[in-house]
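> model this:
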Amino acid sequence: MDLSSAHAAPSIQVADFLLQLQGDLAHFHATLTAEEIKPHLHLVHLSLTSPTPVTPQPLKLTWSQPIVDIQAIWFPGCNAKRWLTLPWEISVQSKATREAPVVSLYNLAGANRLTFACSDVLNHIETTASIHEGNAAFSCHFHFFAQPTAPLREYKVTLRIDRRALSYHRVLNDVQSWWASLPGITPSPVPDVARLPMYSTWYSFHQELTDAEVEHQCRLAKQLGCEAVIIDDGWQTEDNSGGYAYCGDWEVTPKKFPDLRAHIDRLHAMGMKSLLWFSVPFVGPKTRVYDRFKGKYLTEDERLHAATLDPRFPDVREYLIALYEKAIRDWDLDGLKLDFVDRFNPTAANYNDGVTGRDIDSVPEAVDRLLRDTMVRLRKLKPDVLIEFRQAYIGPLMRNYGNLFRAADCPNDAICNRVRTIDVRLLSGNTATHSDMLMWSLQESPESAALQFLNILFAVPQISVKLDKIPASHLQMLRFWLGFWREHRDVLLDGTLEPLSPELQYPFIVAKKASQWIGAFYADVVAPLREPLPPELWFVNAAHQSRVVVELPSAAGTYQIEEYNVLGELVETRNVTLTAGLHALKVSPSGLLHLKRG
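Numbers count the residues shown, from 1 in each chain. Have a look, this model is predicted:
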């Protein structure tokens, strides 16, 4: 089907939907086409062309979805907001360095009713399904050019509309696979160390760190099972007051790290890989380089005490990439933590300032070029280089530029960390999903402290407590659970992931391989084990209860149960016959059950 219009807004029928293009097309010729690639799965292609470069006006592609057997919504970055989008709200705003353009509407059984996604993962897109009160329907739309945009002659985008009655997580996995298949998207290789526990200095030290203190923590972390350290903010400044006034020169402060290369060599000698933090866009007024780039900033932020570089200038991009090359080469780093890449936000003035010297007109395209060239050039120096990005810069294009995606900051918030790591994993394919750094009070019981770890069981752990300060019981707990995680990471990371009930913040999550399942309880719920059970199961009790409850559709035979407490001590061994129906299985808080078929 093909509907074309010169300077008028076309529409197209797709299954039960009438998709309408709304807005001022000005000098553009618009074309809409559609195809059904599988039953109930459509692709809609929008094309805009103009004989001369024109600044596009905001456009919406809209349709209506009756609210029938839809009780919940999922989109990237929804965090705790799991209720339906109100008429004046936007579900998700995305660009290359922020979230991703996809919304999923599903029912309380977890079945997809409508998931729609967009192939433009570079530019600012607003993707929304909001309540229309007058007819009990969702007003769905993709909003293009809602933010200042460089003039263009052509714009092509494909929309994916999926109404298949599959599980929401299966449909989202298909979306990420579709994105990964698009031209220009080639996810970076993921070195094995990216899938192993790491130590981070951020919560344990903030900016007040030294080489000796980092090395001491790394010796302890290595003994527990960590394989890398992320040296965060503070290495480049003696000022520990926060803010970014001293970002930009990126020279080591000798009072904290007298010889950074020697420090990295010592870390390597103990078997620890090393990543170093950089704030990519910020240049502070207290740096030497600040005056050099005057006139080449997008914005200046007094609150952050920093300006944001304009990556459309080739010398800006070259300055940054050369910094990272020098760091990898001179200090023998294994990777970088590249922060704040979502802050390259253009204003209308940035596109109309008359400044010369830029070789790219579009800010999103310049950011893409910067990050793409960074990864290409760093991999020439170190093919297995590690690049970490933090949520919300976890979209499809970010997989080109990096191989570690970390949950956004949520210190001491186990529930938030669980939700964010699962949200990230649902769209990340084989890119390593990392937890936000784990920290907790020294006064916690081992059972409560363990919840920080257990809630991120299906992601790569990052630890950020001073390991020589925590109680011995905490250390024993951490050693046990890190050991369990490492032994079973093939299931936890590579098994089929089934996170149930996003609207309830994933109260039960299970990862499945043919011979083994690992399930974790995060609330006092009944876990429906709908498929025939494998020979071996593990159940993690992160619900602060004294038992977990499972439901079986049919008899599964006799299993031997080993019960472990939070410290990894064997409590008892017993047998259970698993008949059809409900089974309450005793296990202490933050404890573990191992079931093996007899």
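
> shouldn't residue 549 be in contact with residue 583?
Yes - counting by CB atoms under 8 Å, residue 583 is a contact partner of residue 549 at 6.9 Å. C-beta here means a position set from N, CA and C on the backbone, and glycine is covered the same way.

> Of the two, which one has the most company?
Legend: neighbour count by other CB atoms under 10 Å for residue 549 and residue 583, higher for residue 583 (19 against 15).

> and that one, what does it touch?
Residues near residue 583 by CB atoms under 8 Å, 6 or more residues apart in numbering: 549, 550, 551, 552, 576.

> What pairs with the host helix or strand of it, parallel or antiparallel?
If you go by DSSP states H and E, residue 583 is part of strand 581-586. Sheet partners assigned to strand 581-586 using DSSP bridges are listed as strand 547-552 (antiparallel).

> Run the angle between the next helix or strand after the strand it pairs with and strand 581-586 for me.
Scanning forward in sequence from strand 547-552 by DSSP H and E, the next helix or strand is strand 557-564. Angle of strand 557-564 versus strand 581-586, following axes from the mean of the first three to the mean of the last three CA atoms, to 10 degrees, is 20 degrees.

> buried stuff in strand 557-564?
559, 561, 563, 564 (16 or more other CB atoms under 10 Å).

> Could you find the closest non-adjacent residue to the first one?
Just to be clear, that refers to residue 559. Excluding the flanking residues, the one nearest residue 559 by CB to CB, 6 or more residues apart in numbering is residue 595, at 4.3 Å.

> just for the stretch 351-500 of the chain, where's the confidence low?
Within the stretch 351-500 of the chain, no range satisfies pLDDT under 70.

> mind listing the strands for it?
With DSSP state E, counting those that start in this stretch as the criterion, the stretch 351-500 of the chain has strands at 386-390, 404-406, 432-434, 462-463, 496-500.

> could those strands be laid out in a markdown table, adding mean neighbour count?
Formatted as a markdown table, those follow (neighbours: other CB atoms under 10 Å):
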| stretch | mean neighbour count |
| --- | --- |
| strand 386-390 | 24 |
| strand 404-406 | 28 |
| strand 432-434 | 26 |
| strand 462-463 | 26 |
| strand 496-500 | 19 |
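
> can you count the residues close to the closest residue to residue 35 other than its chain neighbours?
Spatial nearest neighbour of residue 35, excluding adjacent residues (CB to CB, 6+ apart): residue 43 at 5.3 Å. If you count neighbours by other CB under 10 Å, residue 43 ends up with 17.

> you'd agree residue 43 is in a strand?
Yes - assessed with DSSP: H, G, I helix; E, B strand; the rest coil, residue 43 lies in a strand.

> Quick one: residues contacting it.
Here residue 43 is in contact with 34, 35, 37, 158, 159, 160, 161 (CB under 8 Å, 6+ apart).

> cool, residue 203 as well?
Counted by CB under 8 Å, 6+ apart, residue 203 has contacts 411, 437, 439, 464, 465.

> pLDDT score for it?
Looking at residue 203, its pLDDT is 98.

> Quick check on it: phi, psi?
With angles defined as degrees, to the nearest 10, residue 203 sits at phi -70, psi -30.

> Would you mind measuring from it to residue 257?
From residue 203 across to residue 257, the span is 20 Å (CB to CB, to the nearest Å).

> Any idea what residue 129 is bridged to?
residue 140.

> nope, residue 560 is what I meant
residue 575, residue 596.

> what does residue 510 give?
Here residue 510, judged by DSSP bridges, has bridge partners residue 498, residue 519.

> mind giving me the domain ranges of the chain?
When the chain is parsed with automatic domain parsing, its domains come out as 2-181, 496-597.

> Now the most centrally placed residue in the chain. Nearest residue, chain neighbours left out?
Centroid check for the chain by CA atoms, centre = their mean gives residue 424 as the closest residue, at 3.6 Å. Of all residues not flanking residue 424 in the chain, residue 433 sits nearest, at 4.9 Å (CB to CB, 6+ apart).

> what's the answer for residue 550, then?
Closest to residue 550 by CB to CB, 6+ apart is residue 527, at 4.8 Å.

> and the one you found, how many neighbours does it have?
Residue 527 - counted by other CB under 10 Å - has 20 other residues nearby.

> can you check the one 10 residues further on too?
Using other CB under 10 Å, residue 537 has 23 other residues around it.

> Confirm for me that it is in contact with residue 515.
No - judged on CB under 8 Å, residue 537 makes no contact with residue 515 at a distance of 10.2 Å.

> rewinding a little: measure the residue nearest to residue 35 to residue 134 for me?
For residue 43 relative to residue 134 (CB to CB), the value is 30 Å.

> ok, now residue 575?
Residue 575 is 60 Å from residue 134, by CB to CB.

> Same question for residue 336.
For residue 336, the distance to residue 134 - CB to CB - is 51 Å.

> who has more neighbours, the two?
residue 336 (23 against 8).

> element containing that one, please.
Going by DSSP H and E, residue 336 is in strand 335-339.

> residues near residue 150, how many?
Residues near residue 150, counting by other CB under 10 Å: 19.

> which ones are touching the nearest residue to residue 465 once chain neighbours are set aside?
In space, and not counting its chain neighbours, residue 465 is closest to residue 439: 5.2 Å by CB to CB, 6+ apart. Residues near residue 439 by CB under 8 Å, 6+ apart: 203, 204, 411, 412, 452, 464, 465.

> wait, isn't the third one in contact with residue 438?
The reference is to residue 411. No - Residue 411 lies out of contact with residue 438 (CB under 8 Å); the separation is 9.1 Å.
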